[in-house]
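J.: Here is my input, please return the structure:
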Amino acid sequence: MVKPLEPFLIPFLTGPDKNLTMEQVANQIFPVWTYSYLALLVPVFLLTDWLRYKPVIVFQCCALFGTNAMLLWSGGVGFMQAMQFVYAVVTACDVAYFSYIYSMVTLQHYLKATSYCRTVQLLGYTVGSVLGQLLVSFNLLTYKDILVLTLVLISIAMVTAVLLPMPRTSMFFHHRGEKGGGLTEEGNDNENTLKTGKVETEETETSGGAPTGEGVPQDTREDPREDNGKCGESSPAERRGCCNTLQQLWRDFLQCFSSREMLYWSAWWALSTCGFNQTVNYVQALWEHVEPSSNFTIYNGGVEAVSNLFGAGAAYGVGFIQLDWSCWGELALGSLSGLGGAALFAMVFSANIWVCYAGYVVFKSLYMLLITIAMFRIAAGLSTERYALVFGANTFTALVLQTILTSIVVDRRGLGLDIVPQVDFLLLSHDSRSL
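T.: Residues are numbered from 1 along each chain as shown. A predicted model of the protein is given here:
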């Protein structure tokens, strides 16, 4: 999504348009997003699959429109906290976008689909950041005018979302074995799987490349008894109704995280995502502290554009790197995480805004590279359903950690620290993770 105002949100909120203080923004308004996102993630995740993605994508556009409308036409701490809640709805619905893409491709294309989706997403952020920087630097539009432009872009995206084809299947509640709205018996297929190690398929035609409910070629699976504790196919069971689906999800969850390798990569994912989200949320406040926007022509949009562009290149290129990540993965995580920690160190202890900008570009680019590697490593041993389940669980764990960190360090009901001590705390946690 193209969001040209996002790199300038702190100057907009603390400037004459909203006239809020930095303490109100950092310690009262921003924490609402973290708490709300955590509360909404699981219900939206399940609802997304039950509604088969497209309605949630349309609703996400509506919520994003509401977020920008509240930024444009409302003011005060209370309304801005409500805006953060609505924006938490937007971010919780992100799962619908990726799940919709996954529902339209076959299993063997999942890894490249992940790379392409993340790349396109980052390119959209890049275009928005460049557009915002040009409009601000050349005084072409005010912040409020940029919000109006954003509303127009969101309206176009909403029309596009409405025109998307409706998937006939989903990963959990509307399984590929469905016919006519009911669930078919899978006993014969699973029996064949156990005997031969693969599922027999039929040749069928699909409309527009989307999988249909009948006659869809089944994904080839390895025999689960030869999985050696890794995530394979579930034990044969009929998935009838929501209760059975939730029970199956819980069994899949326990089996997936019985693998030590899965636990290792997932733990890194959760810790890194927590630190990354917290850094991105408050880095503008740090830049404002180092060089107030009232005294300096800020280049937040340009910095975001460069970091997103580098991140997109890393996310795209890693899909084509021929490397044994099972051997070199730990070394890559440790060394590159340490380099990201050094970039954070430079941001915190430098009084030069350009050093802060450079440190942020390095930190974000390395995160995008490493998180994409982690996604590939995790997805390598997962079936379609468990792919989404594990990623959702890792995101939820990251949000739990972020909520704890926010409530203790940021929230005014906790320590309520200023921006520099906050980033110091993040630096310590990042260094411990890299070790």
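J.: Where does pLDDT dip in the stretch 151-300 of the chain?
T.: 172, 174-242 (pLDDT under 70).
J.: make it 80
T.: 169-249, 252-253, 255-262, 294-297 (pLDDT under 80).
J.: now the stretch 301-435 of the chain
T.: When residues are selected by pLDDT under 80, those of the stretch 301-435 of the chain lie in 312, 314-334, 372-373, 375-389, 391-392, 412, 414-435.
J.: show me the contacts for Met166.
T.: Contact partners of Met166, counting by Cβ atoms under 8 Å, 6 or more residues apart in numbering, are 52, 54. Every residue, glycine included, has its C-beta placed from N, CA and C.
J.: Please, which helix or strand holds it?
T.: Assigned by DSSP states H and E, Met166 falls within no helix or strand.
J.: just Ile10 next, same as before
T.: Since the elements are taken from DSSP H and E, Ile10 ends up inside helix 9-14.
J.: Need the CA coordinates for that helix. PDB is fine.
T.: Output of helix 9-14 as PDB, limited to C-alpha atoms (Å, rounded to 0.1, in the frame of the first residue of the first chain):
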ATOM      1  CA  LEU A   9       3.600  10.900  11.000                       C
ATOM      2  CA  ILE A  10       5.500  12.200  14.100                       C
ATOM      3  CA  PRO A  11       6.100  15.700  12.600                       C
ATOM      4  CA  PHE A  12       2.400  15.800  11.600                       C
ATOM      5  CA  LEU A  13       1.100  14.800  15.000                       C
ATOM      6  CA  THR A  14       3.500  17.100  17.000                       C
END
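J.: What's the first helix or strand after that helix?
T.: Assigned by DSSP H and E, the successor of helix 9-14 is helix 22-24.
J.: Show the average pLDDT along that next one.
T.: Regarding helix 22-24, the rounded mean pLDDT is 89.
J.: same check, this time on stretch 132-147
T.: Stretch 132-147 comes out at a mean pLDDT of 93.
J.: follow-up on the earlier one: what distance separates the helix holding Ile10 from the centre of its chain?
T.: Centroid separation between helix 9-14 and its chain, computed with Cα atoms, centre = their mean, to the nearest Å, is 24 Å.
J.: Show me what that helix is in contact with.
T.: Contacts of helix 9-14 (Cβ under 8 Å, 6+ apart): 5, 18, 20-22, 25, 29, 71, 80, 143, 284-285, 287-288, 293, 298, 300.
J.: mind checking the end-to-end distance for stretch 137-148?
T.: The first residue of stretch 137-148 is 18 Å away from its last residue (Cα to Cα, to the nearest Å).
J.: which outside residues touch that stretch?
T.: 4-5, 8, 11-12, 15, 17, 68, 71-72, 132, 134-136, 149, 297, 299.
J.: Only the buried subset of these, as a PyMOL command please.
T.: Selecting the buried subset of the contacts of stretch 137-148 in PyMOL, with 16 or more other Cβ atoms under 10 Å as the burial test, is done by:
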select buried, resi 4+5+8+11+12+17+68+71+72+132+135+136+149+299
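J.: Mind checking which of the contacts of stretch 137-148 are in helices?
T.: If you go by DSSP state H, the contacts of stretch 137-148 have 11-12, 68, 71-72, 132, 134-136, 149 in helices.
J.: ok, those vs Phe345, which is closest?
T.: The shortest approach to Phe345 among the ones in helices among the contacts of stretch 137-148 belongs to Pro11, at 25.2 Å (Cβ to Cβ).
J.: quick one: that closest one from Gly416, how far?
T.: Applying Cβ to Cβ, to the nearest Å, the value for Pro11 to Gly416 is 22 Å.
J.: ok, which stretches of the stretch 301-435 of the chain are helices?
T.: When secondary structure is read from DSSP state H, counting those that start in this stretch, the stretch 301-435 of the chain shows helices at 325-349, 353-379, 384-405, 419-434.
J.: Relative to Gly275, which of those helices is closest?
T.: helix 419-434 (5.3 Å).
J.: Run through the residues that contact Gln81.
T.: Going by Cβ under 8 Å, 6+ apart, Gln81 touches 28-29, 32.
J.: Sort out for me which of those residues are in strands.
T.: Judged by DSSP state E, these include no members of strands.
J.: Turn these into JSON lines, including neighbour count.
T.: Shown next, in JSON lines, are the contacts of Gln81 (neighbours: other Cβ atoms under 10 Å):
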{"residue": "Gln28", "neighbour count": "21"}
{"residue": "Ile29", "neighbour count": "20"}
{"residue": "Val32", "neighbour count": "20"}
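J.: Measure how buried the nearest residue in space to Asn27 that is not next to it in sequence is and give me the count.
T.: If the residues on either side of it in the chain are set aside, Asn27 comes closest to Arg412, at 4.3 Å by Cβ to Cβ, 6 or more residues apart in numbering. Using other Cβ atoms under 10 Å, Arg412 has 13 other residues around it.
J.: Please look at Arg412 and Gln28 and confirm they touch.
T.: Yes: counting by Cβ atoms under 8 Å, Gln28 is a contact partner of Arg412 at 6.1 Å.
J.: separation between Ala113 and Tyr97?
T.: 12 Å.
J.: who does the longest helix along the chain touch, helix- and strand-wise?
T.: Looking across the chain with DSSP H, the single longest helix is helix 260-290. Packing partners of helix 260-290 (3 or more Cβ pairs under 8 Å, 6 or more residues apart in numbering; DSSP states H and E): helix 9-14, helix 22-24, helix 30-51, helix 325-349, helix 353-379, helix 384-405, helix 419-434.
J.: For the fifth one, which helices and strands make contact with it?
T.: The helices and strands touching helix 353-379, judged by 3+ Cβ pairs under 8 Å, 6+ apart, are helix 110-137, helix 260-290, helix 300-317, helix 325-349, helix 384-405.
J.: Any buried residues in that helix, and which?
T.: Residues of helix 353-379 classed as buried by neighbour count (16+ other Cβ under 10 Å): 353, 356-379.
J.: do stretch 265-279 as well
T.: For stretch 265-279, the neighbour count (16+ other Cβ under 10 Å) marks 265-266, 268-279 as buried.
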